[in-house]
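> Quick check, what structure comes out for this input:
(2 chains)
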There are 2 protein chains.
Amino acid sequence: MSVCSLYPALRVTMPWSCSESHLGSCRKQLMFCVSRTTARRRASTGVSCSADTRTVVIGLAADSGCGKSTFMRRLTSALGGVAEPPRGCGAYSNTLVGDATTVICLDDYHALDREGRKEKGVTALDPKANNFDLMYEQVRALKSGVAVEKPVYNHVTGRLDPPELIRPPNILFIEGLHPLFDPRIRSLLDLSIYLDISNEVKFAWKIQRDMAERGESLESIKASIKARKSDFDMYIDPQKQYADVIIEVLPTRLIPDKSATEVLRVRLVMREGVKHFTPVYLFDEGSTISWTPCGGKLSCSYPGIRFFYGPDTYFSDEASVLEMDGRFDRLDELIYVESHLSNLSTKYYGEVTQQMLKHADFPGSNDGTGLFQTIVGLKVRQLYEQIIAGDGSHGLKREQLRRCLRLSPV
Amino acid sequence: MSVCSLYPALRVTMPWSCSESHLGSCRKQLMFCVSRTTARRRASTGVSCSADTRTVVIGLAADSGCGKSTFMRRLTSALGGVAEPPRGCGAYSNTLVGDATTVICLDDYHALDREGRKEKGVTALDPKANNFDLMYEQVRALKSGVAVEKPVYNHVTGRLDPPELIRPPNILFIEGLHPLFDPRIRSLLDLSIYLDISNEVKFAWKIQRDMAERGESLESIKASIKARKSDFDMYIDPQKQYADVIIEVLPTRLIPDKSATEVLRVRLVMREGVKHFTPVYLFDEGSTISWTPCGGKLSCSYPGIRFFYGPDTYFSDEASVLEMDGRFDRLDELIYVESHLSNLSTKYYGEVTQQMLKHADFPGSNDGTGLFQTIVGLKVRQLYEQIIAGDGSHGLKREQLRRCLRLSPV
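Predicted coordinates for the structure are as follows:
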């Protein structure tokens, strides 16, 4: 007997019928209905339930081209298994589904497709181009164990494809431009993460990707950055004030040339008092430490490595900051750094190093981006386990689950 | 039966008979002779011996007015017991004798008294004003377990007083202007320490002592510093190149005003490879760390406290440096700092803190001077114990001692 098929589903009514027109013109058509089968089952049990006690929801906000997908691969790996596009879905999906995790991309909630945005003169960063009502309803549904049929935005065509069924996973990541924008959606998040890439680094990354790989001209890249800047500053960047965890990626300070972006200084800002998230610390909790680990125990070529840890404030809130400037020469020596970090939420000694070695080919594996993404992955796993182990403050309690399973055999 | 009375004595021949003339004119009269009793005993045993296997000799070099006496009180306290002027000696002595330690002041080896120096136009810092032959002979005698009758320089009269008997202790400190000047004497030292007070701090301390306490004018203090500067730079300062351990006392860097000397930045420089002396480290041996311990676990009023630890070079040799900038608000909280320092050579957890609290009234108890002096005291104790426990590379071996005691019952 599997109770996993017990998903009541919220369905988006025919958004794909609008695929030939602008989404904007059919916004009003977007509505929900509980499928008849599901409604019958709910009526028969009297309680909505899924195979798991609850879905933990994590928001990851960042601008495009900021390495969200690598971050997501590290996160899902830390949580066990590989996340892949959902089986049986159409040719195009932005979603990744793993054993315990599902990552949905909030671009799927674009209310205006590419043409519509062009017509109205708004960018995808503008809240007006996104359907927050639907985003909220569907995240809320998933969080309470209800499957949804989520729209799919096709980044190739710039239009909506047929929706895909998203089942409530153990951990749901919502990643994109606006996961922390709408206060209703923020209230659903168990943890919120903001990936904050400094302008210098973002520019360098964009150059690398769009010029080297896509053959775009420097002028067109600069123009596209400029065109997005105002909306980014107005709608995306301010979300970081709501984040529990912020990963800041900045140019190194180890090289006198301030515009050097080949070497990165990465800061993991962890707000204090976040439930189920204890900040990582270096050597001594609560004090301020700068650490150059290079020497007999760690190989460092120029410009070396410097760690920093200390208390700070972030938007007037108390926070702990762990910073790594520089690059590892040998990833296997990371164990030495790991041994001096505490509150890593690892299950065994060396797990961070093992995770890093496992994905040594991922971008950022030799610097703080990879290290801190990996650490955040392990912290998310612990957060999930602590929530499930149960303070009962969110979602279904164990007793409720037991009752649910007793009442609704399938 | 006590074997402690078995000291053969080296006697200075009548230096006190010169007390009315300049020492310079009777330098030739300074010679040694083995007392008849001792010579007989040595003949009967065939080996020179004392109650202890050997005397460990530590040199402490520093300019006058640099806190050597406080340092000595901390050192002798760490080694057990209180050091006091020798019993039965005359009204004046520069020596301190404790249970296990004796501190002799090398001013006692002035070859020219105050008037003689004035006449010849030399300062006490000039090697010409000091008798290094006698210094060497007597330190060598004490090191090999032979008591000496050491001259006594009277700082009040500026002349020599009658000599005093110095028995070979477990640990002999020779402190003064020139303990590391003469290569023969350096070769006798088991550990050499240099107390390096920066000019700014030295000036501030001198002002405080000579102006506030002795009523001297600022001009006369400046003139006296100027008069000594050239000899200090030529004869005293270069000795630090030979030191195993250097305590540098500098103005703080925590206050923007660079001339601020009320708060001190103190550096403990420990050369690598010194036998029986393992450098202290903070958190992680061999890497470079800056630590601001202030926060929930340590009260810090302005300007706070900053520690630094890392590898360095000192006169082209490898060294470890531990630095403390700032002042403790509450000495009992030092345990928190102590818990993060390693290789302290303590016998139990918290011994450094206990030693500091015991002498909370000593100058420098709330900053790095007191802390590092205390630590050096514990390191000296361990060095002594390791030498005695015996690698047999110096002094009498245990087997020799046993033979000595068997052969020479008293």
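
> going forward, measure contacts between C-alpha atoms and count neighbours the same way
OK.

> Return the list of helices and strands in contact with the helix or strand A:Asp133 falls within.
Secondary structure assignment for A:Asp133, by DSSP states H and E: helix A:132-143. Under the contact criterion of 3 or more Cα pairs under 8 Å, 6 or more residues apart in numbering or on different chains; DSSP states H and E, helix A:132-143 touches strand A:147-154, helix A:183-186.

> if you set the cut-off to 7 Å instead, what comes out?
For helix A:132-143, the helices and strands in contact under the criterion 3 or more Cα pairs under 7 Å, 6 or more residues apart in numbering or on different chains; DSSP states H and E are strand A:147-154.

> tell me which parts of chain A are close to chain B?
Counting by Cα under 7 Å from any Cα of the partner chain, the residues of chain A close to chain B are A:283, A:286-295.

> I only care about those that end up buried; give me the ChimeraX line for that.
To isolate the buried subset of those in ChimeraX, counting by 16 or more other Cα atoms under 10 Å in any protein chain shown, use the following:
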select /A:283,286,287,288,289,290,291,292,293,294
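
> In strands, which of the residues of chain A next to chain B appear?
The members of these that map onto strands under DSSP state E are A:288-292.

> Check the spacing between the closest residue to A:Lys206 other than its chain neighbours and A:Asp99 real quick.
When the adjacent residues along the chain are set aside, A:Lys206 lies closest to A:Gly65, with 7.0 Å between them (Cα to Cα, 6 or more residues apart in numbering or on different chains). In this structure, A:Gly65 lies at 26 Å from A:Asp99, with Cα to Cα, to the nearest Å as the measure.

> now A:Arg330, nearest residue through space, not along the chain?
With sequence-adjacent residues excluded and distances taken as Cα to Cα, 6+ apart, A:Arg330 is closest to A:Ser299, at 6.9 Å.

> distance of the residue nearest to A:Arg159 when sequence neighbours are not counted from A:Leu134?
If you skip the residues right next to it in sequence, A:Arg159 has A:Asp113 as its closest partner in space, 5.2 Å away by Cα to Cα, 6+ apart. For A:Asp113, the distance to A:Leu134 equals 15 Å [Cα to Cα].

> Settle it for me: which of the two has more neighbours?
For A:Asp113 versus A:Leu134, neighbours defined as other Cα atoms under 10 Å in any protein chain shown are more numerous around A:Asp113 (27 against 18).

> hang on, isn't the more buried one packed against A:Val156?
No. Under the criterion of Cα atoms under 7 Å, A:Asp113 is not in contact with A:Val156, lying 11.3 Å apart.

> Leaving out sequence neighbours, find the closest residue to the residue located most distally from the centre of chain A.
With Cα atoms, centre = their mean as the measure, chain A has its most outlying C-alpha, relative to the mean C-alpha position, at A:Gly296: 37.0 Å. Spatial nearest neighbour of A:Gly296, chain neighbours left out: B:Gly286 (7.0 Å); criterion: Cα to Cα, 6+ apart.

> Could you report the distance from that neighbour to B:Asp325?
Distance, B:Gly286 to B:Asp325, using Cα to Cα: 20 Å.

> Please apply the same query to A:Leu189.
The separation that A:Leu189 has from B:Asp325, given Cα to Cα, amounts to 44 Å.

> Who has more neighbours out of the two?
More neighbours surround B:Asp325 than the other of A:Leu189 and B:Asp325, with 25 against 22 (other Cα under 10 Å).

> Give the helix, strand or coil label for the more buried one.
Here B:Asp325 is recorded as strand under DSSP: H, G, I helix; E, B strand; the rest coil.

> Any idea what it is bridged to?
Beta-bridge pairing for B:Asp325 (DSSP bridges): B:Arg265, B:Arg306.

> How about the contacts made by it?
With contacts defined as Cα atoms under 7 Å, 6 or more residues apart in numbering or on different chains, B:Asp325 is in contact with B:252, B:264-266, B:305-307.

> could these go into TSV alongside pLDDT and neighbour count?
Rendered in TSV, the data for the contacts of B:Asp325 read as follows (pLDDT from 0 to 100; neighbours: other Cα atoms under 10 Å in any protein chain shown):
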residue	pLDDT	neighbour count
B:Thr252	94	24
B:Leu264	95	23
B:Arg265	96	24
B:Val266	97	26
B:Ile305	93	24
B:Arg306	95	21
B:Phe307	96	22
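
> what's the neighbour count on A:Pro85?
When neighbours are defined as other Cα under 10 Å, A:Pro85 has 17 of them.

> which non-adjacent residue is nearest it?
With Cα to Cα, 6+ apart as the measure, A:Leu96 is the residue that lies nearest to A:Pro85, at 4.5 Å, once sequence neighbours are left out.

> Tell me how far the one you found lies from chain B.
Look at A:Leu96 and chain B: by Cα to the nearest Cα, to the nearest Å, they are 41 Å apart.

> Now for that residue, how many residues are close by?
Using other Cα under 10 Å, the number of residues around A:Leu96 comes to 21.

> What values do phi and psi take at it?
With angles defined as degrees, to the nearest 10, A:Leu96 sits at phi -120, psi 130.

> Make sure it is actually in contact with A:Cys105.
No. Proximity of A:Leu96 to A:Cys105 does not meet the contact threshold set by Cα under 7 Å, at 8.8 Å.

> Which helix or strand in chain A has the lowest average pLDDT?
strand A:32-34 (a mean of 33; mean pLDDT, DSSP states H and E).

> what about the spatially most central residue of chain A, which helix or strand?
For chain A, the residue whose C-alpha lies nearest the mean C-alpha position (Cα atoms, centre = their mean) is A:Leu60; its distance is 3.1 Å. A:Leu60 is part of strand A:56-61 when elements are defined by DSSP H and E.
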